[in-house]
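# How does the following fold in three dimensions:
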Amino acid sequence: MDTSYPREDHPPTPAHKREPLPTVRVSPPPRDHLVWSIFNTIYMNFCCLGFVALAFSVKARDRKVAGDVEAARRFSSKARCYNALATAASVVLPLLLAALVVTGVIHLSKLAQESVGFFSYQFGGSDEDN
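From the prediction side, this is the model:
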């Protein structure tokens, strides 16, 4: 007696066939990025981008509570973009300012060294006159 399963010589009968269950894909509700927006509004509000992101975050949360998922996704996407811009600007601008200060200090130190050499040469006593 052959006990291997499934039997290869006989196709399964319709009574043994299982219908695949329909898969319902439920997408997660959109994020409103409210905490990120509050952080950008309070700490890194460059050109009011954090405040604009906060406004879109509140709109996204209101639309999500009201059940309008598509509008909540649009507002959430805008809030995320403004938050990213505010964060990037708030990180890049101080780094750029620090780089400008460092290069300015280096340039001024070189200029000061050259001017000290110039003035010591021009006003210094020379031994050739004697």
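
# Tell me which residue is most central in this protein.
The centre of the chain sits closest to residue 84, judged by C-alpha atoms, centre = their mean, with a distance of 4.2 Å.

# host element of that one?
helix 69-123 (DSSP states H and E).

# Could you verify my assumption that residue 90 touches residue 40?
Yes. Counting by C-beta atoms under 8 Å, residue 90 touches residue 40, with 7.5 Å between them. The way it works is simple: take the backbone N, C-alpha and C, and place the C-beta from them, glycine included.

# who's more crowded, the two?
Higher neighbour count among residue 90 and residue 40: residue 40, with 28 against 17, using other C-beta atoms under 10 Å.

# Tell me, what's the model's pLDDT at the residue nearest to residue 34 when sequence neighbours are not counted?
Nearest residue to residue 34, sequence neighbours excluded (C-beta to C-beta, 6 or more residues apart in numbering): residue 57, at 4.5 Å. On pLDDT, residue 57 comes in at 96.
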